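The following comprises the amino acid sequence and a computationally predicted model.
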Amino acid sequence: MRLSRYFLPILRETPKEAEIVSHRLMLRAGMIRQESAGIYAWLPLGLRVLNKINAIVREEQNRAGAVELLMPTIQSADLWRESGRYDDYGKEMLRIKDRHERDMLFGPTNEEMITEIFRAYVRSYKDLPLNLYHIQWKFRDEVRPRFGVMRGREFLMKDAYSFDLDEAGARHSYNRMFTAYLRTFARLGLRAIPMRADTGPIGGDLSHEFIVLASTGESQVFCHKDFLDYEVPPADIDFDDASVMQGVFDTWTGRYAATEEMHDKAAFEGLPADAQVSARGIEVGHIFYFGTKYSGPMKAVVNGPDGKETPVQMGSYGIGPSRLVAAIIEASHDDNGIVWPDSVAPFHVGLANLKVGDAGTDAACADLYARLEQAGVDVLYDDRDERPGAKFATLDLIGLPWQVIVGPKGLADGKVEVKRRRTGEREMLSPDDAVRKIAG
RNA sequence: CGGGGUAUGGCGCAGCCUGGUAGCGCAUCUGCUUUGGGAGCAGAGGGUCGCAGGUUCGAAUCCUGCUGCCCCGACCA
């Protein structure tokens, strides 16, 4: 993409409403624009990152055996009356009426709808287990939205719903998603630690929040330092093997880890002093098992092997991609701007022509641009007639993993500069070597 | 939902107290110079001063009401 033809509205000054670093940087880098409190338009650069995250989330959901569908944002109130949540949900739910004065709502989540879909088609235990997910916009009318997309009212959520015949099956489904989440966050360049969450009236040990450690995190968390080194399950792990999945779960829940709400001070202080990690954290995922909470009242039942009807055992699994964009920035930035992990960067490399209009740099850039694109690398080519300083500042701000800087000085030696954003490391290479280094 | 702020060009702000018809920096446009870490000079365009009433010869400025947005707290993916 040529920057001269792109839409990248960089701000030099920080809008005053932005408090936390991810919000500031997202506004400055032209990723989002606030349209109302807690409601944002995603500008091209932001959308690219969001789509990259979605793609990784999808791959890992599919790998774990979940199946994608897409449910609407607007739901009928009747569905929620069936589960009893229409009255329970309170003002967080945005309620609307259609032209026929029917009660509708902008979905804050989809348990009711997925249960309705399931019960409409599935009759036999032979169709289980089943895990359906979608990635869709949700709306929760927060009293006080803040921190940009970290705590918006409209937000994108991947929510998966598992259906099993019995509790053992449900536990396996839970463990699959647990494993998929570990892989997903790792691929996004994050270290996420599963922490035991409140299970509410269901009880049991099957609810976890996945917390990313970041100094600017919203809540205080406590964990054993071993979590920082645990190995993430490999891509070829057998999701169908219940004992393998249970092993992952046991490992990753075997040490102390809790958010402030669930914190057990005595237990934490019982750990060796050098194993105690007390840090700030951001919740990026939440999974839970809730049995027949919805399948019971909504009559989502299957015939078991014994011919008897039983309500299905359900669980749900959420990840917030829009929030993740901010969380990744919180965990990965410096004074000059964002530092994207390779896997979610909006472009892989920024190509800066330091002297637009100079035959030498123009030709060298055109050549590099074509070759990198041909090699399948996403390039943002800064071909604007700007001063070098402005280009450096822009590239650092938007945080592309690689920068290729082409100026007359280097070119005189047949070299271009290749800079790694994360480390600041730079080297002068021939265009051939530069392409090889970045594409190879 | 309680408490506190704030609203002036795309962004950041001054002007308001003491009413006289809007200004600064950045950004944008034009020209010349400049070109390896957010350039310089000269010129230009862009604002019904959040909205609605009121006071006044005259309101960004004073009064009343409303709304948006932000911050702290309670709440939350």
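Arrived safely, thanks for sending. Numbering: from 1, shown residues only, chains lettered A, B, ... in the order given.

so where's the stretch 101-250 of chain A shaky on pLDDT?
Judged against pLDDT under 70, the low-scoring parts of the stretch 101-250 of chain A cover residues A:200-204.

any idea how far the nearest residue to residue A:153 once chain neighbours are set aside lies from residue A:93?
The shortest distance from residue A:153 to any residue other than its chain neighbours is 3.4 Å, reached at residue A:38 (Cβ to Cβ, 6 or more residues apart in numbering). Using the backbone N, CA and C atoms, a C-beta is placed for each residue, glycine as well. For residue A:38, the distance to residue A:93 (Cβ to Cβ, to the nearest Å) stands at 15 Å.

Kindly report the same for residue A:357.
Applying Cβ to Cβ to residue A:357 and residue A:93 gives a distance of 57 Å.

out of these two, which sits in the busier spot?
residue A:93 (20 against 8; other Cβ atoms under 10 Å).

can you pull the contacts of that one?
A:105, A:106, A:108, A:140, A:141 (Cβ atoms under 8 Å, 6 or more residues apart in numbering).

Touching, the second one and residue A:74? I think so.
Just to be clear, that refers to residue A:106. Yes - under the criterion of Cβ atoms under 8 Å, residue A:106 is in contact with residue A:74, at a separation of 6.1 Å.

quick one, which of the two is more surrounded?
For the pair residue A:106 and residue A:74, the greater number of neighbours falls to residue A:106 (19 against 12), based on other Cβ under 10 Å.

Next one: the nearest residue to residue A:325 once chain neighbours are set aside relative to residue A:319, how far apart?
With Cβ to Cβ, 6+ apart as the criterion, residue A:325 has its nearest non-adjacent residue at 5.3 Å, and that residue is residue A:49. As for residue A:49, its distance to residue A:319 is 15 Å (criterion: Cβ to Cβ).

The two - which one has more neighbours?
More neighbours surround residue A:319 than the other of residue A:49 and residue A:319, with 30 against 25 (other Cβ under 10 Å).

rewinding a little: ok, so of the contacts of residue A:93, who is nearest RNA strand B?
residue A:140 (5.3 Å; Cβ to the nearest atom of the strand).

before we move on, the earlier item: could you say which helix or strand contains the residue nearest to residue A:325?
helix A:44-63 (DSSP states H and E).

Pull out the buried residues from that helix.
Buried positions in helix A:44-63, judged by neighbour count with 16 or more other Cβ atoms under 10 Å: A:45-46, A:48-50, A:52-54, A:56-58, A:60-61, A:63.

counting contacts, what elements does whatever helix or strand comes next after it pack onto?
Remark: after helix A:44-63, the chain's next helix or strand is strand A:67-68, criterion DSSP H and E. The helices and strands touching strand A:67-68, judged by 3 or more Cβ pairs under 8 Å, 6 or more residues apart in numbering; DSSP states H and E, are helix A:44-63, strand A:130-139.

Please enumerate the helices of the stretch 251-400 of chain A.
Ranges of helices in the stretch 251-400 of chain A, per DSSP state H, counting those that start in this stretch, are A:265-269, A:321-331, A:359-374, A:388-398.

Among those helices, show me which one is buried the most.
Per-stretch averages of neighbours, counted by mean count of other Cβ atoms under 10 Å, single out helix A:321-331 among those, with a mean of 26.

what about it and RNA strand B, any contact?
Yes - applying Cβ under 7 Å from any atom of the strand, one finds that helix A:321-331 is in contact with RNA strand B at A:322, A:323.

quick one, that helix and helix A:44-63 angle?
Computed by axes from the mean of the first three to the mean of the last three Cα atoms, to 10 degrees, the angle separating helix A:321-331 from helix A:44-63 equals 110 degrees.

Check which helices and strands helix A:321-331 is in contact with.
Applying 3+ Cβ pairs under 8 Å, 6+ apart, one finds that helix A:321-331 contacts helix A:21-28, helix A:44-63, strand A:154-164, strand A:207-213, strand A:276-291.

residues contacting residue A:77?
A:86, A:95, A:102, A:103, A:104, A:105.

Spatially, which residue comes closest to it, not counting chain neighbours?
Of all residues beyond its chain neighbours, the one nearest residue A:77 is residue A:103 (3.5 Å), with distances taken as Cβ to Cβ, 6+ apart.
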